[in-house]
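> 3D model of this:
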Amino acid sequence: MPLQTSGAISLLDIANEFGGDTPHGIDEYIQFLTTTTTTTTTTEVFTPGLDYEVRNQSNSQNPTSQSGFNAKFNGSPNSSGLFTQTINWSSNNNGSGGSNRPPNLPNSRFSWQVEGKIYAATAGLYRFLTTSDDGNQLTINGTIVTSFYGGRGVNQSSETGSITLSAGYHDFRYRMQQGAGAHGAIVQWRPPNVNSYSVIPTSVLGKLSKLQLQLQLQPKILHLILLLIFTDYLVTQNLMDLELHKLVIHSICRVDQVQILMLSV
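Numbers count the residues shown, from 1 in each chain. Okay, here's the model as predicted:
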């Protein structure tokens, strides 16, 4: 029941308002005001860099079908790690050349994959252009956007494809395989309202990880001060007797979690 607006307020009135038996109602209210509460929330954090995998191959064949190409990525990788460069490299027969050449690549007969997320700043149609030596496959949100199966040089031909994306993060995977000789891979895009292709920047390629945050809400000191001021006012208006006021002051000031200046009666 709400506290009455006229007449003296008794200990029983306070107890009924805040719960519990007299005089514990006041204690329970003070405990509520001074208790530190903890809340936990989980959020997603984007970190630049894609997971890469390298698989050594026993032969230099360049499969000409999707199933044959995908078979090059079966089994456990020979090496893996974090790829933080742009997908824009080509190498000579001996593996030299190309400043962006991924780490741990053999000089020939291998398959290479990077996987993670791509960030679309705005919703719309995104166009992609890929080229490789030898085969390659670009998949976004489980859909193959571009692909080439077979053998070729990195400058011989390229393929284009498009996909409509909402603003936000999307699944991204790029695969390429190499038979023998020179090798390389280039992946470019054209976001909405952009007139030309460019290499996908590293800032939009990465991974999403969950981060757990724990927040602590500190005691409501201001509420206690306001309570003291309010009780002083009740006394001055003859709505609270001095005995009850002293009990309130005592209950507030003996709480271990807070230190406040007592107001004069």
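
> going by C-alpha atoms from here, please, whenever you check contacts or count neighbours.
Fine.

> pLDDT below threshold where in the stretch 1-150 of the chain?
The stretch 1-150 of the chain contains residues with pLDDT under 70 at 1-37, 93-99.

> quick one: the strands in it?
Along the stretch 1-150 of the chain, the segments classed as strands by DSSP state E, counting those that start in this stretch run 37-48, 50-56, 79-83, 88-91, 110-120, 124-133, 135-140, 143-148.

> list the strands paired with the second one, with their directions.
Right, strand 50-56. Note on strand 50-56: by DSSP bridges, its sheet partners are strand 79-83 (antiparallel), strand 110-120 (antiparallel).

> so which of the strands of the stretch 1-150 of the chain is nearest residue 173?
Set against residue 173 and scored by Cα to Cα, these come closest in strand 110-120, at 4.3 Å.

> got a list of contacts for that closest one?
With contacts defined as Cα atoms under 8 Å, 6 or more residues apart in numbering, strand 110-120 is touched by 49-57, 72-73, 83, 165-179, 204-208.

> now stretch 79-98
48-55, 99-102, 104, 106-108, 114, 154, 180-187, 199-202.

> next one: stretch 144-153
Contacts of stretch 144-153 (Cα under 8 Å, 6+ apart): 62-66, 69, 128-130, 132-139, 159-163, 179, 182-183.

> that older thread, buried members of the contacts of strand 110-120 into ChimeraX, please.
Buried members of those, defined by 16 or more other Cα atoms under 10 Å, are picked up in ChimeraX with:
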select :49,50,51,52,53,54,55,56,57,72,73,83,165,169,170,171,172,173,174,175,176,177,178,179,204,205,206,207
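
> break the protein into its domains for me.
11-36+218-253, 44-212 (automatic domain parsing).

> quick one: end-to-end length of the longest one, please.
Taking Cα to Cα, to the nearest Å, the first and last residues of domain 44-212 lie 9 Å apart.
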